[in-house]
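K.L.:
Below is the sequence, then the predicted model.
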Amino acid sequence: MKGNGEIRIGFYICHCGSNIAGVIDVERVAEYAGTLPGVVVSRDYKYMCSDPGQDLLRQDIAEHRLNRIVVASCSPLLHEQTFRRAAEAGGINPYFVQMVNIREHGTWVHDDAEYMTGKAMDLARAAALRVYAHQPLERKQVPIKPDVLVVGGGIAGIHAALTMADAGKHVYLVEREPTIGGHMAQFDKTFPTLDCAACILTPKMTAVRAHPNITLWTWSEVEKVDGFIGNYTVTVKRKARYVDEDLCVGCMECIEACVYKRGKFDDEFNVGLSKRKPVYIPFPQAVPPVPVIDAGNCLHLSKGKCKDTCVEICGDRKAINFEIEPEYQEIEVGAVVLATGFQPFDATRIPYYGYGKYPNVYTALELERLVNASGPTGGTVRLPDGRTPERVAIVHCVGSRDEHYNRWCSRVCCMYSLKLAHLVKEKTGAEVFNFYIDMRAPGKSMEEFYNRVSTEGVHLVRGRVADVYAEQTDEKKTNGQIGRVVIQAEDTLIGRIRKIPVDMLILSTGLQPQHDSEDIRRMFNISCSAGGFFLERHPKLAPVNTFTDGIFLAGTCQGPKDIPDTVAQAGAAASEALALIDRGVFELEPNTAYVLEEECSGCKSCIPLCPYTAIAFEEEKKKAEINEALCKGCGTCVASCPSGSIRQHLFEDEEIYREIHGLLAYA
Amino acid sequence: MLAGEEVIEQMWGVSLDRLYESAEGQRILSCIQCGTCAGACPYGEHMLYPPRRIITMLKAGLIEEVFDSDSLFKCVNCYTCMTKCPREIKLTEILLPLVKEQSAVRLEEMPAELQKAIENTYRYGNSYGESARKRAAWIDTIDVPIRILAKDPTPVDILWFVECDLSYHPRGQDAARATALLFHLLDLDFAILGPEERCAGDCGRLSWEPGLAEALVDYNLSIFEKYRFNRIVTNDPHALDAFKYRYPMFEFKYKTTATVPELHRHLDRLAPMLSRKLDYLVTYHDSCCLGRHNGFYDEPRALLEAIPGVRLVEMEHTRENSICCGGGGGGMWLDTWYKQQDIERLSDRRLREVIATGADVLAVACPYEVSRFEDAVKLAGYEDRIIVRDITELLVEALGGH
């Protein structure tokens, strides 16, 4: 306490209306606090966080030459910053303020007035003793790098990238597939307006490629992330495409010229409903319009033996290059927007829905491709045997709302199921049965869309499908026709079991986190919610932030949502990232751990314990070194250091011991 | 879909009015009325109150009306509703038995066949009404030494709980002989209770006579206490259920398994003994208790595939989606009653799926199934197209030189 001079503490207890004063006898606590060592002013006040409350602090600092403040009120999470600012305005170091939480830890959980008044006194005593030992601390500033990384090139990533690029920021957009566009590019029409997905998406895709502020890396993946807010160093692996993006003119002649005369391998974009060649472009409007060569199936790359007709036709352009190796790019960015999307539920996991067993059972995504004019059938909905289905069933909630699979409602399935019902009916005239549990149509124009599809004559059956099996027919089918499947469910509204034979069954599979979302989570050091979607910092008030500063979320990687909400969230993530970058600097909380260098033995035991990878080993000095920008002040290293050479600002031993001493003094 | 120990704990002593006091009971409140239970139930279409409606009636305070209906007479305890329920409500474990009991209490007249079976079990410890002394008579028909614990009470590894059907029914005895021979060849250390054994009581519990079930549990526990053994193996999956999920409520602590998984454990030694080629196309019918309730889907199939020449073919409904033979939950003794109600027996329905596979042999692993399916085969006139065999019988047939 040397150099602190005389300690003069001001104590304030807040009524918080009746929140606190309704239980605690605040006058008695204030009176008691006035008797504590060093306390020169002790008051109770109706709302300490109000402007007059803060003014009171400032006046007292000036009038009574206060140099320490204790406020007994709500949780520091709510108003610690408020009172620190008030103290600073009054002319003292903001870290000379200590809060006592008597609301969340007190009156909200206890109703015994006598007991709670006593507990408030104990906590007040502990705080007054603690604040006595507080040291002045300074907030340090870290400069923020101006560039941004967007991971994932679906509609969320595209929108976030364009927004930030339009604001003049340089954006790196990294997409692991050969093209941007994501799931939206695979959809046919979009609910509730029924506008064509490609028509509204492809202009934005082209804009990304044309934007001078966007560096687009497709067929690329983030490999490594180092650093901290404002200063991330990211390594991106650019997988070998074997077609040079700078030299390719997008003529697609190589695809035509490939030694495979027709497609032989499952076309990922058409979810296996068609075949592609080893050199391919996912779809005609792909961005960039550059083919990719699938090394596992290309004869030159897998067998080393091919006539190389693609190279021949490319000729002088020399865009095809089998020598291309994966490339690693290191970039420095100030903020990251994660827009890594979702994957559909794997329908084979529910064996009694017959997916993979019967050829006429489809997933919704497969249907999107079938109804799409640029899909494998040119937009004709037909069965594998070529017939047009006369009766079609659509099963909602496949894999969703189910304790065995995904517990959540996937939010988009009701509406996309109605959309598919409409499209199938429009294209085939088939009788369509939608089996639903609850029809969920919240959001603008959704109920109206539900109304519209209902009046089109779609049969809406309220009941979860319990069984799907092949229809037993007496006569032997000899003409190669695919048999019907029977959909068995209780129609809960009439209380009867219905067995409806259909030609085609569509499974409305739910949304779930990407298979490798756990790897991404670990790489960017963020958290996941129970289901595995990335966790936002606050479900209402910080929906696009994560617990790691400078990492933002957009789209379905955070949870199932439709296209309008995805775009809105992408815009929000972009503006949060812009707000951070435009500030130029980031202020660090000073409650970080620090190493007493002369005492550190260099044992390295603290390094693996740090959850924020904030500790490095300084090879030259053979000492541990803590990065203040990464340290969150959790105290793990402080407690674990065998030589006691790590300490923490605002949690110095003396402060903590005095607080404990104060707490236990009643005994 | 295995019931864990916490479910056992919570089921004990639960009555309808205390249902929501346990976590498993509270799950009922999470029901979303999706109708999966009713749609999946093999007799759902014949029930005025399938499980979904029972839950709504319960919540609305109208459960008394359900007690007056015969809906749950059609519940065969096949665990299908419970397996598919998206809220994981343990219908077959918790709710349905309680409602069944009440329905039985209000019944003016018990169906005669079931009444007789229950009385027989009370009086003789088996539903056949056979004398307890004859319970081990079958062992004289086989040339394998079988130890009866009362005669030689030295400690033994496996207490083989033979159960009623294998003890008394002529086709059950075939499986008993086959099992004894296999255990003997595998050099397992086993013994039986013989005349001291009584029905394990699972069907009593699940077919509306909890008092009978408890009497049998008390009795069998008192017999178990007399001897020293490490574990119980039984051919009857219903007895397995009783020992795994009911007896532990009464401080029963022995490890129990069924014959099929026990034989599967020794497959590496058993397979080389199977030297005789059986040129059969076989389809396997999953027993509800062995499959859905205890997860043994692969073991019976692996045993069948170990037989040289056997080719397996699956039915339309298989594994967790299999259809019950109709024998559980008292269904074994309700065939006449079902007929009076003009309801098709499940074994007859299931047989159509068997025939559709084109198989020569229907393999089963539950003693109810041999008699039920052989009856169905006779009724449908398919005797020249299909034969029904317990897995142990097929294994013995494949033994060749042994």
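P.N.:
On my side now, so go ahead.
K.L.:
Residue ranges of each domain in the chain, please.
P.N.:
Chain wasn't specified; assuming chain A. As given by automatic domain parsing, the domain ranges for chain A are A:2-137, A:148-239+A:327-340+A:520-584, A:253-317, A:342-512, A:593-648.
K.L.:
Wait, chain B was what I had in mind.
P.N.:
According to automatic domain parsing, the domains of chain B span B:4-106, B:112-265, B:267-397.
K.L.:
hmm, the shortest one touching chain A?
P.N.:
The reference is to domain B:4-106. Yes - Domain B:4-106 lies within reach of chain A by C-beta under 8 Å from any C-beta of the partner chain, at B:32-40, B:44-45, B:50, B:52-53, B:84, B:86-88. Just so you know, the C-beta spots here come from the backbone N, C-alpha and C atoms, and that holds for glycine as well.
K.L.:
Among those residues, which are located in strands?
P.N.:
In strands, defined here by DSSP state E, there are no members of these.
K.L.:
In helices only, show me those.
P.N.:
Judged by DSSP state H, the residues of domain B:4-106 next to chain A include B:Thr36, B:Cys37, B:Ala38, B:Gly39, B:Ala40, B:Arg52, B:Arg53, B:Lys84 as members of helices.
K.L.:
how about low-confidence regions in the chain?
P.N.:
Picking chain A for this. A:1-4, A:474-479, A:667 (pLDDT under 70).
K.L.:
wait, chain B
P.N.:
B:1-13, B:203-208, B:401-402.
K.L.:
returning to what we had before: any chance of the domains of chain A in JSON lines, with distance to chain B and mean neighbour count too?
P.N.:
Shown next, in JSON lines, are the domains of chain A (distance: least, C-beta to the nearest C-beta, whole Å; neighbours: other C-beta atoms under 10 Å in any protein chain shown):
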{"stretch": "domain A:2-137", "distance to chain B": "25", "mean neighbour count": "19"}
{"stretch": "domain A:148-239+A:327-340+A:520-584", "distance to chain B": "15", "mean neighbour count": "21"}
{"stretch": "domain A:253-317", "distance to chain B": "24", "mean neighbour count": "17"}
{"stretch": "domain A:342-512", "distance to chain B": "3", "mean neighbour count": "19"}
{"stretch": "domain A:593-648", "distance to chain B": "33", "mean neighbour count": "16"}
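K.L.:
B:Leu346: which of those domains is closest?
P.N.:
Ranking the domains of chain A by proximity to B:Leu346 (C-beta to C-beta) places domain A:342-512 first, at 14.2 Å.
K.L.:
In the stretch 51-200 of chain B, what residue spans correspond to helices?
P.N.:
B:51-59, B:63-67, B:80-84, B:96-106, B:112-124, B:164-168, B:170-185 (DSSP state H, counting those that start in this stretch).
K.L.:
whoops, the stretch 101-250 of chain A was the one
P.N.:
A:113-132, A:155-166, A:197-210.
K.L.:
how about the residues of chain B that lie near chain A?
P.N.:
Counting by C-beta under 8 Å from any C-beta, the residues of chain B close to chain A are B:32-40, B:44-45, B:50, B:52-53, B:84, B:86-88, B:316-317, B:319-321, B:352, B:356.
K.L.:
Thanks a lot, see you next time.
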